[in-house]
Structure formats: structure tokens, C-alpha cells
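**Student:** just need the structure, nothing else, for what follows:
(one chain, ligands or ions: 2)
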Amino acid sequence: MLAVSSARRTPAGLAESLGAVAGQALHDEATLTPKPGLVDARGGGAHHDMNLSTLLDSAAALVAPIAACAAAATCLPLGRDLRAVIGVIGRDGEQRMLAATGGVNTHRGALWALGLLAAGIAATGTVGGARGFAARLAAVADPAREARPASHGSRVHRVFGATGARGEARRGFPHAVDVALPMLHARRAARRDEHTARTDALLASMSSLEDTCLLHRAGRSGLQAVRAGAAAVLRAGGSGAAGGGAALDRLDRLCRHRRLSPGGSGDALAAALFLDAAGRLLTEGSS
Ligand SMILES: CC(C)(COP(=O)(O)OP(=O)(O)OC[C@H]1O[C@@H](n2cnc3c(N)ncnc32)[C@H](O)[C@@H]1O)[C@@H](O)C(=O)NCCC(=O)NCCS
Ligand SMILES: Nc1ncnc2c1ncn2[C@@H]1O[C@H](COP(=O)(O)OP(=O)(O)OP(=O)(O)O)[C@@H](O)[C@H]1O
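**Tutor:** Numbers count the residues shown, from 1 in each chain. Ligands and ions are numbered 1, 2, ... in the order given. From the prediction side, this is the model:
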């Protein structure tokens, strides 16, 4: 569990605490079960090369890079120098992730989202200011960017015009902040249990995100099938309602059958859980 100490009142302490909170959010996203198409406690979902233990090893490896993103943002103003440093930390973090997983991309999108948002919280001292800071930082061209092999996201951008993880960041992570997080809070306010609240937050993102993981594997029809399936669960009252549970089972089977993985929404849920817990961290720190 997260060790919270008064050390987080200093910039270095806050950065370290944000790394720990991010690790916990990645852990909580990974263990939430069932999740259609995603790795969960049952196994790899639509993935043949990862399971829960791969994801947990990866989550642990990302704590230090995410803390380093936060620390950098307390030392440098928003601009090219900070973007360059964050880019170096991010690429090094990706290497740590690959070393921890035996070469599998478990959390590339999640590191990107939580790294930028952690930087935003550290720089502004608030959760509310994080998305705007992250958006402006993501819009700065990375001076240290290296040529690297074409990613799934860049291929999908060429073929479908989808802006993917970069576009989501430049818009201030709307699926984490405006879709998943409000659903999490609404379900809690309606006295749903935490498992249901998290599952419905994931489904809310799945029902609208233009997820490049889905486009890459199954094109527009795969993306549309997942969006429609997630919307059907929510229309039926959510994963905690009787009809919603049946619709969730159908979506789960569809994702397995067609190997559909909503990885971008896994990242949006992790980011929402991170912002939610970071809010508590800052409140405790100020009391
Ligand atoms: C921008 C990143 C994510 C690369 O993007 P690209 O689309 O080329 O990569 P890739 O195809 O691997 O996709 C990344 C992942 O984003 C997630 N994703 C997919 N669709 C979406 C979406 N619409 N919105 C948000 N996330 C999405 C998925 O998990 C996907 O696997 C990032 O890895 C990067 O550029 N890193 C460089 C280091 C850096 O600057 N880091 C800074 C912060 S740590
Ligand atoms: N619980 C989860 N299970 C699987 N992926 C997740 C989960 N949570 C978040 N993700 C995101 O999904 C992405 C999956 O990676 P990627 O898109 O490269 O896989 P892929 O589509 O399986 O690729 P390939 O088709 O080559 O196997 C990761 O970048 C990660 O951030």
C-alpha cells in the first residue's frame, strides 16, 4: 500500500508520492476483473503475450519514471527543456517496462498518460490544473525525439486519421478526466460498490474513445463493435445491474472471440484512478 508521509510536502516528497500513487492506480486497473479484452486476474484477455503478473511487474517498473516526470516538472518551467527531459525519462521508462516484461509492450500508453499528468500535478500543485499543463506539454515538439520504428498508433494515424494517445494528451485527456472520472464519482455517489464504479468508468471510456489498439487490430468495425457493446452495458444500468451484467458477458465473449483489446481505455481508467487518488493525497497533505 501507499506510504504517505509528510515528506510529500516538499517537491521531492510530492514527486515520490505521486509515483507511488501511480503504481497503485496501475495495479488497481490491472487487477480489476473482469475487463473485456484486457489483461485481468483471469489471464491475458485478447493478448497472448501477457498476463496479470506481467502487468504487475510492469506497473512496479513504472513507479520511478512517473515520479521522475513529476520531479522534473517541479524543477523546470513548461517549455522545450522540460519536454526534452520528460521525453528522455519516458523513453528510458519504456525500456524499463520492456526489461520487466521480457520485451512486451504492457503499459506504453499508460506511462505516457500518467507521466504527463503526474508532471501536471507536481507543477501546478493541483489535480484540476494537471490536464491543462499536460496538454500544453504534450503540444511542445520533443527536441530530443529519436527516429524509431513505426508504432501501431502511427500506422493507424496514417490509415484512419486517428490521433490516438498523442491527440488525447493534447486535448487534456478528456476520456480520463471528463468521461471515466465522472462515472467513477457518479457510481460512488449512487452507493455502488467500488468494483462496479471502476468497471463502469472503464465502460464509459470504451463507449466513446477512438482507441488505436482496437483500430490496429480490427479496423473501424472492431472499434464500433466495442463502443456499441460498452454502451449497451451502460444503457442496461451498468455492470452492477442484472441486464448490464449479461451485456458485459456478451461484450467479454465478443472481445475474446475477435481478439479485441481496448488498451486505450485501460489507460484512461488507470489515469482516472490516478487523478482520483492524487486528489486525496493533496487534500491529506494540506490538512
Ligand atoms: C505518444 C506515445 C504513447 C506513442 O504513441 P504511439 O501512438 O506512436 O504509440 P502506440 O501505437 O504504441 O500507442 C500507444 C498506446 O496508447 C494507448 N491509446 C490508444 N488509443 C488511444 C487513445 N485514443 N487515447 C489515448 N490512448 C490511446 C494504447 O494503450 C496504445 O497502446 C508515447 O509512447 C511516446 O511518444 N513516448 C515517447 C516518450 C515520451 O515523450 N514520454 C513522455 C511522457 S512519459
Ligand atoms: N489491463 C490491460 N491489458 C492490456 N493492455 C492494457 C491494459 N491496460 C492498459 N493497457 C494498454 O494497452 C496497450 C497494449 O499495447 P499494444 O497496443 O501494443 O498491444 P497490442 O494491440 O496487443 O499489440 P500486438 O497486436 O502487437 O500484440 C498498452 O500500451 C497499455 O498501456
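**Student:** which residues of the stretch 1-150 of the chain lie near ligand 1?
**Tutor:** Taking Cβ under 6 Å from any ligand atom as the criterion, the stretch 1-150 of the chain approaches ligand 1 at residues 69, 86-87, 90-91, 93, 108-109, 111-112, 115-116, 142. All C-beta spots, glycine's among them, are computed from the backbone N, C-alpha and C.
**Student:** most surrounded residue in those?
**Tutor:** Neighbour counts for these were taken using other Cβ atoms under 10 Å; the highest belongs to residue 69, which has 30 neighbours.
**Student:** which stretches of the stretch 101-250 of the chain form helices?
**Tutor:** For the stretch 101-250 of the chain, the helices identified by DSSP state H, counting those that start in this stretch occupy 108-124, 130-139, 152-160, 164-170, 174, 181-189, 194-206, 212-235, 242-258, in order along the chain.
**Student:** which one of those helices is the most hemmed in?
**Tutor:** By mean neighbour count, with neighbours taken as mean count of other Cβ atoms under 10 Å, helix 108-124 ranks first of those at a mean of 27.
**Student:** okay, the angle between it and helix 152-160?
**Tutor:** 100 degrees (axes from the mean of the first three to the mean of the last three Cα atoms, to 10 degrees).
**Student:** for helix 108-124, packing partners?
**Tutor:** Secondary structure elements in contact with helix 108-124, counted by 3 or more Cβ pairs under 8 Å, 6 or more residues apart in numbering; DSSP states H and E, are helix 11-31, helix 52-75, helix 80-101, helix 130-139, helix 164-170, helix 263-286.
**Student:** and with 6 Å instead?
**Tutor:** Contact analysis of helix 108-124 by 3 or more Cβ pairs under 6 Å, 6 or more residues apart in numbering; DSSP states H and E lists helix 11-31, helix 52-75, helix 130-139, helix 164-170, helix 263-286 as its packing neighbours.
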